[in-house]
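Student: below is the sequence, then the predicted model.
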Amino acid sequence: MEMKVTREVVLDLLPLYLSGDASPATRALVERYLETDPELAARARLPLAEGLGRSSAPPPPPELALRSLRRTRRRLALQRWLFGFAISFTAVGLSLRIRSAPGAPPAVRLEILEHPRGLGVCLAIAALLWIAYWAIGRRVRLGQP
């Protein structure tokens with residue numbers, strides 16, 4: 001059973017075809033259809049349509065790519081430092097005191113209950129560091145300047 005290819009399907013495949021990323025079977029399908037539709041074939045050969053192809057776009061200047069790479073490396077290094085400090089301040093803020101006496105079960109207590117002001121500041125700093133860590137990671141993932 002032969003399936004009829006519609007113009008809409010070919011229009012969907014056209015960017016893939018023009019960029020050179022289509023499989024051989026897809027290329028053959030699009031070329032067969034373009035033989036039957038001269039208007040679409042002419043549109044596909046327009047310079048604008050050829051500009052859709054990835055290979056026809058000029059590559060970015062090397063200095064732009066290098067600047068982007070350096071900026072990303074700096075952000076990742078800063079993110080590593082933020083992670084280390086955030087872990088440290090979190091650990092100090094949530095430190096425990098363990099007391100043991102012979103014949104008695106060990107008593108475990110959060111130190112922040114004994115020293116709320118000093119360790120509360122540590123946890124506040126840790127929260128700020130975690131927020132900065134998350135924000136920089138998000139900017140790196142999204143590729144924002």
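Tutor: The structure has been received and is ready for your questions. Numbering: from 1, shown residues only.
Student: can you list the domains in the protein?
Tutor: The chain breaks down into these structural domains: 7-50, 62-142 (assignment by automatic domain parsing).
Student: let me see the mean pLDDT of the first one.
Tutor: Mean per-residue pLDDT for domain 7-50: 80.
Student: check the last one too.
Tutor: Rounded to a whole number, the mean pLDDT of domain 62-142 is 93.
Student: and the helix or strand containing R73, which residues are buried?
Tutor: Secondary structure assignment for R73, by DSSP states H and E: helix 62-93. Applying a neighbour-count criterion of 16 or more other Cβ atoms under 10 Å, one finds 79, 82-83, 85-86, 89-90, 92-93 buried in helix 62-93. To be clear about C-beta, it is placed using only N, CA and C from the backbone, and glycine gets the same treatment.
Student: go on, stretch 14-30?
Tutor: 14, 16-18, 22, 29-30.
Student: check stretch 106-120 too.
Tutor: 111-112, 119.
Student: need the outlier residue of this protein, farthest from its centre.
Tutor: In the chain, G103 marks the outermost C-alpha relative to the chain mean, sitting 55.0 Å out by Cα atoms, centre = their mean.
Student: follow-up on the earlier one: which of the buried residues of stretch 14-30 lies closest to L142?
Tutor: L16 (25.6 Å; Cβ to Cβ).
Student: find the residue closest to that closest one in space, skipping its chain neighbours.
Tutor: A22 (4.6 Å; Cβ to Cβ, 6 or more residues apart in numbering).
Student: contact partners for that neighbour?
Tutor: 13, 16, 30 (Cβ atoms under 8 Å, 6 or more residues apart in numbering).
Student: quick revisit: ok, then the element right after the helix holding R73?
Tutor: Next helix or strand after helix 62-93 toward the C-terminus (DSSP H and E): strand 96-99.
Student: mind listing the strands that next one pairs with, and their directions?
Tutor: Looking at strand 96-99 with DSSP bridges, its partner strands are strand 107-110 (antiparallel).
Student: who touches the partner strand?
Tutor: Contacts of strand 107-110 (Cβ under 8 Å, 6+ apart): 94-100.
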